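>>> fold the following, please.
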Amino acid sequence: MTDRSALAAAGSIDIHAHAVLAGSMGAAGPHGPEIGYTKSGAPWFRVGEYRLDGVRYEGSPFMEADVRLTNMDAAGIDFQVLSPNPLTYFHHIDSSDAVRFCQQHNNALAEIVLAHPTRLAGFAALPMQDVDAACAELERAITELDLLGAYIGTDIGRPLNDPALDPFYEKVAQLNVPLMIHPAPAGIDGPAGDPNLKQFDLDLLTGFAAQESIAVATLIFGGVLHRHPNIDICLSHAGGTMTSLIGRFNRACTKRPWVPEHLQYDGAFEESLQKLWFDTHVHDPRVLNWVIDIMGTDKLLLGTNFAGWDQHAMTQDVPAELALTMADNAKRLLRVSS
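So this is what the prediction gives:
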């Protein structure tokens with residue numbers, strides 16, 4: 001169980017920190033996940049038919065809590081909320097395998113939090129291909145495991161504004177927890193994406209930003225925020241390309257015939273954007289300043305992609321005053337009083 005007094009006292013809270021859990025290995029049946037090594041000792045990580053070569057999870061902060069805590073201290077991070085590895089969302093496999101994986105993943109995550117309650121909390125993995133099962137697992141994760149919110153991908157097999165998802169959004173609001181949304185590389189356990197994204201790591205460098213931008217647009221234009229005004233949704237990487245597209249989306253509100261009536265006025269999209277939360281994992285202080293200029297700081301959260309290939313140094317890239325503001329924001333989002 002998370003020590004909420006420690007969370008409330010934290011001066012820096014990182015909400016973008018993925019974990020790979022030994023307790024979830026093989027939980028998705030034939031889809032894995034699985035860790036192995038070549039004859040030469042090079043590591044690999046398998047999810048379904050996809051294999052990630054050269055990334056060593058064992059012995060790293062992804063899998064070893066003690067190593068994570070040491071690195072958090074070095075980075076000046078007081079508290080982290082751990083989330084599923086995007087390679088293991090499993091939103092497109094058989095629902096029975098997905099349910100089993102999410103249950104074992106969330107159980108294992110809760111055990112790690114229980115061992116380090118003054119430094120760590122967790123977000124729940126959910127089987128979004130089965131909305132009823134996702135609602136049930138979220139309720140179990142929150143009420144029985146003391147996880148602090150829901151964590152899903154941008155591609156869950158149906159548009160984020162599909163009315164079939166309304167019971168899920170209602171459950172999130174009813175439980176009074178945040179919903180975190182983060183993309184995964186196309187083609188891992190879902191449909192293959194644009195083949196042009198398969199070179200130069202463009203599935204990560206541009207594909208993620210595109211998915212996040214589509215998610216934001218879908219939530220707003222698709223009426224999710226309008227139908228569920230009490231839900232708190234956070235997008236990774238400051239919502240992808242939202243800062244550069246805001247003018248285009250604002251213009252669409254007064255020019256395109258499909259725009260819903262409640263958005264048919266100048267500046268409507270930007271106004272709705274203020275209802276969403278975003279993390280600061282944008283890699284460049286110039287971009288962060290642009291994000292702040294467009295979106296303000298009221299719903300901005302520290303995100304580092306901790307231990308990932310593009311982790312930024314929080315103490316170097318984020319001014320101290322902004323770090324404190326974001327910590328207070330995180331406490332509001334996580335329903336903890338400072």
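>>> list the contacts for N176?
Neighbouring residues of N176 by C-beta atoms under 8 Å, 6 or more residues apart in numbering: R335. (Glycine included, C-beta is placed from N, CA and C.)
>>> oh sorry, the question was meant for L225
Counted by C-beta under 8 Å, 6+ apart, L225 has contacts L219, I231, I233, S272, K275, L276.
>>> checking my notes, it in a helix, right?
Yes - per DSSP: H, G, I helix; E, B strand; the rest coil, L225 lies within a helix segment.
>>> quick check: the gap between it and A173.
Distance of L225 to A173, given as C-beta to C-beta, to the nearest Å: 11 Å.
>>> what's the overlap in contacts for the two?
Common neighbours of L225 and A173 (C-beta under 8 Å, 6+ apart) are I231.
>>> among the contacts of L225, which ones are buried?
L219, I231, I233, S272, L276 (16 or more other C-beta atoms under 10 Å).
>>> taking these one by one, which sit in strands?
Taking DSSP state E as the definition of strands, the buried ones among the contacts of L225 contribute I233.
>>> which two of the contacts of L225 have the greatest separation?
I231 and S272 (12.7 Å; C-beta to C-beta).
>>> you'd agree S95 is up against P127?
Yes - the pair formed by S95 and P127 meets the contact definition of C-beta atoms under 8 Å, at 5.9 Å.
>>> which of the two has more neighbours?
P127 (28 against 15; other C-beta atoms under 10 Å).
>>> please tell me how far that one sits from E49.
Taking C-beta to C-beta, one finds P127 at 20 Å from E49.
>>> for the stretch 51-200 of the chain, just list every one of the strands.
With strands called from DSSP state E, counting those that start in this stretch, the stretch 51-200 of the chain shows them at 79-84, 120-122, 124-125, 150-152, 179-181.
>>> endpoints of stretch 152-165, how far apart?
Using C-alpha to C-alpha, to the nearest Å, one end of stretch 152-165 lies 13 Å from the other.
>>> what comes up buried for it?
Those would be I152, G153, T154, D155, I156, P159, L160, N161, L165, for stretch 152-165 by 16+ other C-beta under 10 Å.
>>> once you drop chain neighbours, what's closest to V291?
Nearest residue to V291 in three dimensions, chain neighbours excluded: A238, at 4.7 Å (C-beta to C-beta, 6 or more residues apart in numbering).
>>> I'd say the one you found and F278 touch.
Yes - here A238 reaches F278: they are 4.6 Å apart, a contact under C-beta under 8 Å.
>>> still on that earlier bit, overlap in contacts, S95 and P127.
Residues touching both S95 and P127 by C-beta under 8 Å, 6+ apart: A133.
>>> which residues sit against whatever helix or strand T254 lives in?
T254 belongs to helix 242-255 when assigned by DSSP states H and E. Contacts with helix 242-255, where a contact means C-beta under 8 Å, 6+ apart, come from 212-213, 216-217, 220, 259, 263-270, 273, 278, 287, 290-291, 294-295.
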